[in-house]
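K.L.:
Sharing a model prediction with you, sequence too.
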Amino acid sequence: MRLQREDGYTNQAAVNFYQKRVLPTLINLAMQNKADTAERAKLIPHATGAVLEVGAGSGLNIPFYGFGVKKLYALDPSVKLWKMAQKRVTGATFPIEFLATSAEEIPLEDMAVDTVVTTWTLCTIPDAAKALTEMRRVLKPRGMLLFIEHGWSPDPRVRAWQNLLNPLWRRVAGGCNLNRKIDELVAEAGLGVAERLV
């Protein structure tokens, strides 16, 4: 017989409550700051055609998509965050299909989209390398990956702090890693950086 400690159950319940109820609200609020909004306004209008947004969250990018977008596949594992996006979805001038899953297995055919968009998401995906391989698979041969990220600092002193804080930060920030080498992950997936748009 296996006995579960009562405080262990309470702690797990608290973690689940935090991840399912509190964290989506915090993410939605935190990602609406002026600096992030300014970056979205510069990058997102470059998306065209059939677009896959990885980490669509609460739909903060939706108002910035231009008239060149034919359809948006909004991928995110958080149904709670997507429910927060409904006002933005209603105001969109293009059809939006929500895909409630993580990016390691994108439920689209090969070469299905013209543009993949991801903003401050690669730091949180459990297997970012696999997700980037999937993004490349669904992109058409001349398609674009548009992304904004944070990651591994070139400054050794900042990197030391990133490594020190990362275990705690990852727990409270929904799996966000402060020290991921995003540029290397993108290159290893065979996705070259052709141009810096922001």
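P.N.:
The structure has been received and is ready for your questions.
K.L.:
From here on, just use CA atoms for contacts and neighbour counts.
P.N.:
Noted.
K.L.:
quick one: average pLDDT of whichever strand in the chain runs longest?
P.N.:
Taking DSSP state E as the criterion, the chain has its longest strand at strand 139-148. The average pLDDT within strand 139-148 is 94.
K.L.:
now do stretch 37-57
P.N.:
Taken as a whole, stretch 37-57 has a mean pLDDT of 95.
K.L.:
Skipping adjacent residues, who's closest to D127 in space?
P.N.:
Counting by CA to CA, 6 or more residues apart in numbering, D127 lies nearest to E104, which is 6.7 Å off, once chain neighbours are set aside.
K.L.:
and the gap between that neighbour and V138?
P.N.:
To V138, E104 is 12 Å away according to CA to CA, to the nearest Å.
K.L.:
For Q162, give me its contacts.
P.N.:
For Q162, the contacting residues are 152, 178-179, by CA atoms under 8 Å, 6 or more residues apart in numbering.
K.L.:
Which of the helices or strands spans it?
P.N.:
helix 156-172 (DSSP states H and E).
K.L.:
For that helix, buried residues please.
P.N.:
For helix 156-172, burial by neighbour count (16 or more other CA atoms under 10 Å) applies to 159, 162, 166.
K.L.:
With respect to P95, which of the contacts of Q162 is nearest?
P.N.:
L178 (34.0 Å; CA to CA).
K.L.:
hey, where'd the strands end up in the protein?
P.N.:
Listed in chain order, the strands found in the chain under DSSP E are 49-54, 69-75, 96-99, 113-119, 139-148.
K.L.:
Throw those into a markdown table and include mean neighbour count and distance to I125, thanks.
P.N.:
A markdown table is the format used below for the strands of the chain (neighbours: other CA atoms under 10 Å; distance: least, CA to CA, whole Å):
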| stretch | mean neighbour count | distance to I125 |
| --- | --- | --- |
| strand 49-54 | 24 | 10 |
| strand 69-75 | 20 | 12 |
| strand 96-99 | 17 | 15 |
| strand 113-119 | 23 | 11 |
| strand 139-148 | 18 | 14 |
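K.L.:
Redo those strands as a markdown table? Include distance to A128.
P.N.:
Shown next, in a markdown table, are the strands of the chain (distance: least, CA to CA, whole Å):
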| stretch | distance to A128 |
| --- | --- |
| strand 49-54 | 11 |
| strand 69-75 | 14 |
| strand 96-99 | 18 |
| strand 113-119 | 12 |
| strand 139-148 | 13 |
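K.L.:
What ranges does the chain have for its helices?
P.N.:
With DSSP state H as the criterion, the chain has helices at 6-17, 23-30, 34-43, 79-84, 86-90, 128-138, 156-172, 182-188.
K.L.:
residues near G66, how many?
P.N.:
Counted by other CA atoms under 10 Å, the residues lying close to G66 total 16.
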